[in-house]
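Novice: coords please:
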Amino acid sequence: MYNILISAAAAVAVLLIMIFVLNLAWWGSLIVGLMVFALVFVLFSRITMKKVMASIETAGKDLQAQPPRFEKAIRELKDALQYSKWQLYVSGQLHSQIGMIYYMKRDFSNAFPHLEKSFFKNWAATAMLAISYMKRQKKDKMVSTFERAVQWNGKESLLWSLYAYCMNESGESVRAKEILAKGLKKLPGDEKLKDNLECLEKGKKMNMRSYGDLWFQFHLESLGAIQRHQMAAMGGRMQRRTAVRR
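Specialist: Here you go, the predicted structure:
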């Protein structure tokens, strides 16, 4: 990455000047060189990330518009991919955002290649990738992807429930219960995980709707069910507005 190379070049230049021009001790010169590397790297990293975050914020505003400007947000994020050559993990973070936007607008074919490049700490993008593998009948890939997700994001209740839900849908009800039990060890007292484990133990469907809109963004229910949920949510908001006016 360019920021590392620039920082290393600056450190080496200072090191050589101190040793061969100023005739200073090598160990002291090395310490100063390392300090130069750290300072230059932090400075250039901040400049790069400031530009990346500006693009992400602009894309966020496009998504919050009514109606959402999906394509404009995607273009903004794709333009920001130029900074991935400068800073580590920028590419994964931007591909996560792009993949999630495509996924949420049900453009799964375009979402998939971006989700494959997503940042491992973005649990929502990683979960969407795992679900994509499930829909492609790649169970082993689904499991390994979920395992990576819970390894880095063990405090996310919905992630554990999604993992269990997908395993249950794949005919692995026993494994699904084990996953929820493991999730409860990470999140003791989590009522949603407890409820879903009880549902499976009683042979019932998991209560994923308790997670609200976060659940529906993964598109694991029929389009009709999602649309009914959205209409109900809109109706609730309209009723609240009417009550406020009164």
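Novice: drop to CA atoms for contacts and neighbour counts, all remaining ones
Specialist: Will do.
Novice: any idea how far the spatially most central residue of the chain is from residue 8?
Specialist: Geometric centre of the chain, nearest residue: residue 122, 2.2 Å, by C-alpha atoms, centre = their mean. Shown here: residue 122 relative to residue 8, a distance of 30 Å by C-alpha to C-alpha, to the nearest Å.
Novice: could you dump the helix or strand where residue 74 lies to CSV, C-alpha only?
Specialist: Per DSSP states H and E: residue 74 is located in helix 70-80. Output of helix 70-80 as CSV, limited to C-alpha atoms (Å, rounded to 0.1, in the frame of the first residue of the first chain):
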residue,chain,number,x,y,z
PHE,A,70,-29.1,3.7,-4.7
GLU,A,71,-27.2,4.0,-7.9
LYS,A,72,-25.7,7.4,-7.0
ALA,A,73,-24.6,5.9,-3.6
ILE,A,74,-23.0,2.9,-5.4
ARG,A,75,-21.1,5.2,-7.8
GLU,A,76,-19.8,7.3,-5.0
LEU,A,77,-18.5,4.2,-3.2
LYS,A,78,-17.0,2.7,-6.3
ASP,A,79,-15.2,6.0,-7.0
ALA,A,80,-13.7,5.8,-3.5
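Novice: and the average pLDDT for it is what?
Specialist: Helix 70-80 comes out with an average pLDDT of 96.
Novice: so what secondary structure elements neighbour that helix?
Specialist: Of the remaining helices and strands, those touching helix 70-80 by 3 or more C-alpha pairs under 8 Å, 6 or more residues apart in numbering; DSSP states H and E are helix 26-64, helix 90-104.
Novice: out of those, which comes closest to residue 157?
Specialist: helix 90-104 (19.0 Å; C-alpha to C-alpha).
Novice: averaged pLDDT, that closest one. What do you get?
Specialist: On average, helix 90-104 scores 96.
Novice: which strands or helices does that helix pack on?
Specialist: Partner elements for helix 90-104 (3+ C-alpha pairs under 8 Å, 6+ apart): helix 70-80, helix 108-116, helix 123-135.
Novice: what about stretch 196-215, start to end distance?
Specialist: One end of stretch 196-215 sits 14 Å from the other (C-alpha to C-alpha).
Novice: how about it: buried residues?
Specialist: By 16 or more other C-alpha atoms under 10 Å, the buried positions in stretch 196-215 come out as 196, 197, 198, 200, 206, 207, 208, 215.
Novice: redo these as TSV? Include distance to residue 51, pLDDT and secondary structure.
Specialist: Converted to TSV, the buried residues of stretch 196-215 look like this (distance: C-alpha to C-alpha, whole Å; pLDDT from 0 to 100; DSSP: H, G, I helix; E, B strand; the rest coil):
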residue	distance to residue 51	pLDDT	secondary structure
196	42	97	helix
197	44	97	helix
198	47	97	helix
200	47	97	helix
206	42	96	coil
207	41	95	coil
208	37	96	helix
215	31	95	helix
